[in-house]
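Colleague: Quick one, what's the 3D model for this:
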Amino acid sequence: MSGQFQNTGRGSNGRNAGQGRSQQQGRGNGQYNGHKSGNGSQKEKKFHPLTRGNIPKFSFDEVKKTLVIKMSTMKMDHIDDMIQSVRTLSLFDIESVKPTLVLVTNDSDPDKEIKNEERRTNYLADRKDWKARKNAFDNNKRNVYGMIMKMCTDHMVDKLEREADFDNKLFNDPVELLMRIKKFMMTTVDTEWEYFGLWKTMSNLINCHQKEKENNASFCKRFEERAKALQALLGDDFLDKFTEKSQEYDLLGSNAERSQHKKGSTVPLGEL
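Modeller: Predicted coordinates for the structure are as follows:
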């Protein structure tokens, strides 16, 4: 079990860095954006919320890709654990790789004591490595939190700071922070017009066209993201009434077939 833990190098931001709430943390300290405001420049990709009259210039995935690239250049212990978390939007479970001691229990094994002694030695070494990895993981979470906030426009920071769990859940979990940012970039609760969010989400999908220098994979990813955003607002059954009026629906005999047909009419929206 020894030697299973990767060491990615130790830099100035390594262990014991980012402890507590420093200049990167806290409400309204104005440290996240430097001198930038609003939607950011075309050269600097930032997370910006969807609001009436102010649409994000870059998609969530575009800014997240830039974040991953920046993280890849950080000289910190075990930064790969956080890179994996951000790429998959699923926080790495550090406890899942915690080493365990499994001893030989077969008394008839003549080498039982020798094997167990070797296993104890390996376990102690692996546990020491795991503790170092866990400490690095906790520190890296805070550093990545700071990176994410710096990549937010002032408008996004304002929305995040108004969240009830900003100082606890969002501060302690950068993936949860990214998920909240993604939500704000795709939907809005604009109080001036409660239906604006739905209208704008529909408009984003209908007017989604491939950019001049955009490759097919990036365009499909962006289109699918907008399609899923619309489906999240309308629900999985928003085409049911329309489907029931179709000729194909009338030709189906059983209720099971009709139910399956209605289900299939909505699912492709997020898979186009």
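Colleague: only C-alpha atoms for contact and neighbour calcs from this point on.
Modeller: OK.
Colleague: State which helix of the protein is the longest.
Modeller: Across the chain, the helix with the greatest residue count (assigned by DSSP state H) is helix 112-150.
Colleague: Mind giving me the packing neighbours of it?
Modeller: With contacts defined as 3 or more C-alpha pairs under 8 Å, 6 or more residues apart in numbering; DSSP states H and E, the packing partners of helix 112-150 are helix 60-72, helix 79-88, helix 169-172, helix 174-186.
Colleague: which of the residues in that helix are buried?
Modeller: 116, 119, 122-124, 126-127, 129-130, 132-134, 136-150 (16 or more other C-alpha atoms under 10 Å).
Colleague: on that earlier part again, dump the helices and strands packed on helix 112-150 into a markdown table; add distance to Leu252 and mean pLDDT as well.
Modeller: A markdown table is the format used below for those (distance: least, C-alpha to C-alpha, whole Å; pLDDT from 0 to 100):
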| stretch | distance to Leu252 | mean pLDDT |
| --- | --- | --- |
| helix 60-72 | 41 | 93 |
| helix 79-88 | 40 | 95 |
| helix 169-172 | 49 | 95 |
| helix 174-186 | 37 | 92 |
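Colleague: so Arg87 sits right up against Val68, yeah?
Modeller: Yes. Counting by C-alpha atoms under 8 Å, Val68 is a contact partner of Arg87 at 7.1 Å.
Colleague: gap between the longest helix of the chain and the chain center?
Modeller: 23 Å (C-alpha atoms, centre = their mean, to the nearest Å).
Colleague: try stretch 159-175
Modeller: 14 Å.
Colleague: And that stretch, end to end?
Modeller: 17 Å (C-alpha to C-alpha, to the nearest Å).
Colleague: Would you mind writing the CA trace of the helix or strand hosting Thr201 as PDB?
Modeller: Applying DSSP states H and E as the criterion places Thr201 in helix 196-206. Taking C-alpha atoms only, helix 196-206 is exported to PDB below (Å, rounded to 0.1, in the frame of the first residue of the first chain):
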ATOM      1  CA  PHE A 196     -37.900  37.000 -17.700                       C
ATOM      2  CA  GLY A 197     -35.800  34.100 -16.700                       C
ATOM      3  CA  LEU A 198     -37.900  31.600 -18.700                       C
ATOM      4  CA  TRP A 199     -38.100  33.900 -21.700                       C
ATOM      5  CA  LYS A 200     -34.300  34.600 -21.700                       C
ATOM      6  CA  THR A 201     -33.500  30.800 -21.300                       C
ATOM      7  CA  MET A 202     -35.800  30.000 -24.300                       C
ATOM      8  CA  SER A 203     -34.200  32.800 -26.300                       C
ATOM      9  CA  ASN A 204     -30.700  31.600 -25.400                       C
ATOM     10  CA  LEU A 205     -31.500  28.100 -26.800                       C
ATOM     11  CA  ILE A 206     -33.300  29.300 -29.900                       C
END
